[in-house]
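Asks: sequence-free structure coming up:
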């Protein structure tokens, strides 16, 4: 059914690809040449002399019409949500931006892994946008490049995300390619082995990245249950991971009720009309209950090489309820920014971040502390808030 829907979609596209006429390109080239060869050139600009062939900047260029300015108030886009009969949710929000961002989220992650399948989501992230039943990896790359798009995938403890960004005029192509890559991967053995080699390199690099190592460590130390599962594939699982495990994990978890297609900058009716034929035949199997996790607290220490003169630390606390308690989650987000967290924080420059009394006191009274910031990891049913930093060893 997917192939039939995709074929009908390609037949209905009917987009006209217009090339720039050669005369226009030649005219642009000649205009640049005449400007560069005008009398005076760079020397007249440096000495302040006016060139007779250069137009004055005090008047608009002839034949050039300026676009209308934006209104003082632009109404925010409204979010619309539709649910297909098999449980797939389609959400969209309009935007004045010429770019459309489309993502397909699947409600599964490392919390759904078993000891046999540890590392599956990590490998799935690496295998995103590889060969499918309808396209080779090379064809996928060429199609994305042809429309100037950008694709990416992410794996977390609770969900998988696949995203595609491009101009709004290519929404049908974006949706069809995105769904094809998520629904119809073939997991060729040579592609899986290639990505496993890269996974091994990532694992070896974690030991040289204290921040990533500690964020993994606080979950294994703080939780008992599913949230303690490693997000990165453990070394012991590398030899077990293969295409069969990936196929089984996808077949079990990539079902209708666990998928959400979300888009920004796309009209809702257009998104539904394109996506419904491609997603309506997904199995409507009710998702199994989310594995339980219990916050227990704990301690994790890793001895680094003797030559390292710094100690990296993290102190984390539980946020019961996670995003289910919106008020607490918003309070925690503000607290994180006040304590020096967030991507916009930096050490200098006006308007680049905020310093709290705690931040100043730590750096002033404890000069051995090299850096200090706050972070938050909020999940559906539980969350963490923490402070991380770097200090001189043996202080």
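Replies: It's in. Quick caveat: nothing in here was measured; it's all calculated off a predicted structure.

Asks: tell me the SS of residue 71?
Replies: Put simply, residue 71 is coil when judged by DSSP: H, G, I helix; E, B strand; the rest coil.

Asks: For it, grab the count of nearby residues.
Replies: Here the count is done by other C-beta atoms under 10 Å, and residue 71 has 7 residues near it. The way it works is simple: take the backbone N, C-alpha and C, and place the C-beta from them, glycine included.

Asks: now swap in residue 234 and tell me
Replies: Counted by other C-beta under 10 Å, the residues lying close to residue 234 total 13.

Asks: wait, what's in contact with it?
Replies: 118-119, 203 (C-beta atoms under 8 Å, 6 or more residues apart in numbering).

Asks: where are the low-confidence patches of the stretch 251-395 of the chain?
Replies: By pLDDT under 70, the low-scoring segments of the stretch 251-395 of the chain are 304-308, 340-359, 363, 372, 378-382, 393-395.

Asks: try 50
Replies: Low-confidence segments of the stretch 251-395 of the chain, defined by pLDDT under 50: 343-353.

Asks: all strands of it, in order?
Replies: Counting by DSSP state E, counting those that start in this stretch, the stretch 251-395 of the chain has strands at residues 259-264, 293-295, 310-320, 369-378, 382-392.

Asks: For the shortest one, report the contacting residues that lie outside it.
Replies: It refers to strand 293-295. With C-beta under 8 Å, 6+ apart as the contact definition, strand 293-295 has outside contacts at 111, 222-228, 318, 320, 381-382.

Asks: Buried residues in it, which are they?
Replies: Within strand 293-295, the residues that count as buried by 16 or more other C-beta atoms under 10 Å are 293, 295.

Asks: Please apply the same query to the third one.
Replies: For strand 310-320, the buried set under the neighbour-count rule, 16+ other C-beta under 10 Å, comprises 311-312, 314, 316, 319.

Asks: partner strands of it, parallel or antiparallel?
Replies: With DSSP bridges as the test, strand 310-320 is paired with strand 382-392 (antiparallel).

Asks: and what of the fourth one?
Replies: Each strand that pairs with strand 369-378, with its direction, by DSSP bridges: strand 382-392 (antiparallel).

Asks: ok, now the first one?
Replies: Sheet partners assigned to strand 259-264 using DSSP bridges are listed as strand 89-93 (parallel), strand 99-106 (antiparallel).

Asks: Would you mind giving the ones you listed as TSV with distance to residue 73 added?
Replies: TSV is the format used below for these (distance: least, C-beta to C-beta, whole Å):
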stretch	distance to residue 73
strand 89-93	18
strand 99-106	22
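
Asks: what's near enough to touch residue 224?
Replies: Residue 224 sits next to 293-296 when contact means C-beta under 8 Å, 6+ apart.

Asks: let's see it at 6 Å
Replies: By C-beta atoms under 6 Å, 6 or more residues apart in numbering, residue 224 lies in contact with 294, 296.

Asks: Can you spell out which residues form a bridge with it?
Replies: The partner residues for residue 224, given DSSP bridges, come to residue 294.

Asks: how close does it get to residue 233?
Replies: The gap separating residue 224 from residue 233 is 21 Å, by C-beta to C-beta, to the nearest Å.

Asks: now do residue 194
Replies: From residue 194 across to residue 233, the span is 15 Å (C-beta to C-beta).

Asks: Can you pick out the residue with more neighbours from these two?
Replies: The neighbour count for residue 194 versus residue 233, taken as other C-beta under 10 Å, is higher for residue 233 (24 against 13).

Asks: The more buried one contacts residue 119, correct?
Replies: Yes: checked against C-beta atoms under 6 Å, the pair residue 233 and residue 119 is within contact range at 2.7 Å.

Asks: Surely residue 391 is in contact with residue 314?
Replies: No: counting by C-beta under 6 Å, residue 391 stays clear of residue 314, with 12.0 Å between them.

Asks: which one of the contacts of strand 293-295 has the most neighbours?
Replies: Ranked by neighbour count under the definition other C-beta under 10 Å, these are headed by residue 227 with 26 neighbours.

Asks: SS state for that one?
Replies: helix.

Asks: what sits against it?
Replies: 219, 293.

Asks: ditto for the one 10 residues further on
Replies: Residues in contact with residue 237, defined by C-beta under 6 Å, 6+ apart, are 118-119.

Asks: Can I get the strands paired with strand 259-264 in a markdown table including distance to residue 148, mean neighbour count and mean pLDDT?
Replies: What follows is those, written out as a markdown table (distance: least, C-beta to C-beta, whole Å; neighbours: other C-beta atoms under 10 Å; pLDDT from 0 to 100):
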| stretch | distance to residue 148 | mean neighbour count | mean pLDDT |
| --- | --- | --- | --- |
| strand 89-93 | 21 | 20 | 96 |
| strand 99-106 | 10 | 21 | 96 |
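
Asks: Tell me which of these lies nearest to residue 284.
Replies: Closest of the strands paired with strand 259-264 to residue 284 is strand 89-93, at 12.5 Å (criterion: C-beta to C-beta).

Asks: chain center to that closest one, what's the gap?
Replies: 17 Å (C-alpha atoms, centre = their mean, to the nearest Å).

Asks: Make residue 1 into 63 and carry on from there
Replies: Got it, the first residue is 63 from now on, which makes the last one we talked about strand 151-155.

Asks: Contacts for it next, please.
Replies: Under the contact criterion C-beta under 6 Å, 6+ apart, strand 151-155 has outside partners 139, 141-145, 322-326, 328, 330, 333-334, 337.

Asks: which residues in the stretch 313-457 of the chain form helices?
Replies: Here the stretch 313-457 of the chain has its helices, by DSSP state H, counting those that start in this stretch, at 330-341, 388-400, 419-427.
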